[in-house]
Every structure is written in structure tokens, then in C-alpha cells.
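1. no sequence on hand, only this structure:
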């Protein structure tokens with residue numbers, strides 16, 4: 001028999017796709033499309049019937065470039081917002097700070113809110129400091145807008161995955 005390895009689902013904290021689809025960036029893009037597509041179509045149509053079609057085609061580049069830039073900005077914004085802020089499989093990874101440690105070393109969780117934004121501190125056993133120390137900053141995850149997990153759901157998932165982990169619910173700090 002070969003080696004049998006358990007495949008763990010990866011816990012990923014990021015903005016939910018539904019939130020991204022209803023974000024302000026998408027709304028601004030739709031507004032650009034609604035406003036610029038008719039202008040572009042009118043200019044392209046008038047270029048066919050005008051004695052100087054080059055002039056209308058040159059004028060049509062402005063809304064075309066505007067649409068292209070709006071699309072590029074939308075893709076960049078959605079790509080940034082869809083990046084995970086926390087990955088947990090057999091390791092705990094915080095991509096923003098580069099912190100990575102084995103899941104079995106996860107010793108303590110601290111959940112708190114600052115300025116209305118939930119944050120979670122994931123502390124390995126070798127870090128004795130606790131919130132509000134600045135030393136825990138690299139181990140702190142800020143929940144993105146429209147996160148795919150609620151703070152207490154994520155804490156429950158992490159406790160189920162890591163086992164005996166201490167949890168402090170600090171409230172508003």
C-alpha cells in the first residue's frame with residue numbers, strides 16, 4: 001500500500017464573490033459603460049455618413065479609451081479585493097505580512113473590533129505577547145469588507161481544525 005494522506009480543505013478568508021459583484025467599483029464601471037457606449041456608438045455611426053470620417057473616428061477614441069481604462073481599473077480592483085487575507089491548511093499563512101507557521105503551533109486566538117472592523121490575532125505558542133502589544137501586528141488579520149466568514153464562524157472553524165486553542169473575545173479595542 002502507498003502512503004495515504006488526508007486532504008484538508010483550505011480555510012480561506014477573503015471578500016465573498018457576491019460582495020465583489022455588488023461593490024462600488026462594479027457600480028462605477030456599469031455607469032461608465034452606460035454613459036460611454038452610446039457616445040461611442042453615435043460617433044462610430046456618424047463616421048460612416050460624415051464627409052470627414054477620420055475626424056469622427058479620432059473623436060471616438062476618447063470614449064473607447066475611457067471604457068478600456070474603466071475595465072482595466074475594475075479588473076485590478078477586483079483582483080486586489082479577491083486576494084485571500086488568511087489561508088489555513090496544515091499551515092497558518094497570513095499573505096499580507098508573510099507570516100507562516102504550522103497549524104499545530106497555533107496556540108491562541110484573539111478576536112476584537114477596531115473602528116468597526118473585526119480583526120483576528122492568530123498567535124503561535126512561541127509568541128507570549130497579547131493584544132494590545134504591537135508585537136502581535138504581524139499575526140493580525142483584518143476581515144475584508146463582505147468577508148466569506150463571519151468572525152465567530154472563522155474562530156469556530158479554526159478551533160475545530162487546530163484543537164485546543166485558547167480564545168479571547170476582546171470586544172471593541
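-> Received, thanks. In this text the structure is predicted, and so the values were computed from the model without any measurement.
2. for residue 143, give me its contacts.
-> With contact taken as CB atoms under 8 Å, 6 or more residues apart in numbering, residue 143 is in contact with 13, 85, 117, 118, 119, 120, 151. Every C-beta, even on glycine, is put in place using the N, C-alpha and C of the backbone.
3. let's see which of the residues you listed end up in strands.
-> Here DSSP state E is the test, and those give 13, 117, 118, 119, 120 as lying in strands.
4. sec struct for residue 66, please.
-> Following DSSP: H, G, I helix; E, B strand; the rest coil, residue 66 is assigned to helix.
5. show me where this protein has its strands.
-> Residue ranges of the strands in the chain, as given by DSSP E, are 11-13, 86-88, 91-94, 99-102, 106-114, 117-124, 140-142, 166-172.
6. looking at the ones in strands among the contacts of residue 143, which is nearest residue 96?
-> residue 13 (11.1 Å; CB to CB).
7. so that closest one sits against residue 92, correct?
-> No: counting by CB atoms under 8 Å, residue 13 stays clear of residue 92, with 11.1 Å between them.
8. quick check: neighbours shared by the two?
-> Joint contacts of residue 13 and residue 92 (CB under 8 Å, 6+ apart) are residue 86.
9. and the two? Which one has more around it.
-> The residue with more neighbours, out of residue 13 and residue 92 and counting by other CB atoms under 10 Å, is residue 92; that gives 25 against 21.
10. list buried residues within the contacts of residue 143.
-> Neighbour counting with 16 or more other CB atoms under 10 Å marks 13, 85, 118, 119, 120, 151 as buried within those.
11. quick one, what contacts the closest residue to the last one other than its chain neighbours?
-> To tie it back to what came earlier, the one meant is residue 151. Nearest residue to residue 151, sequence neighbours excluded (CB to CB, 6 or more residues apart in numbering): residue 118, at 4.4 Å. Applying CB under 8 Å, 6+ apart, one finds that residue 118 lies in contact with 111, 112, 142, 143, 151.
12. and those as CSV, adding pLDDT and distance to residue 129?
-> Compiled in CSV, the contacts of residue 118 are given as follows (pLDDT from 0 to 100; distance: CB to CB, whole Å):
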residue, pLDDT, distance to residue 129
111, 93, 16
112, 93, 14
142, 94, 18
143, 94, 21
151, 93, 21
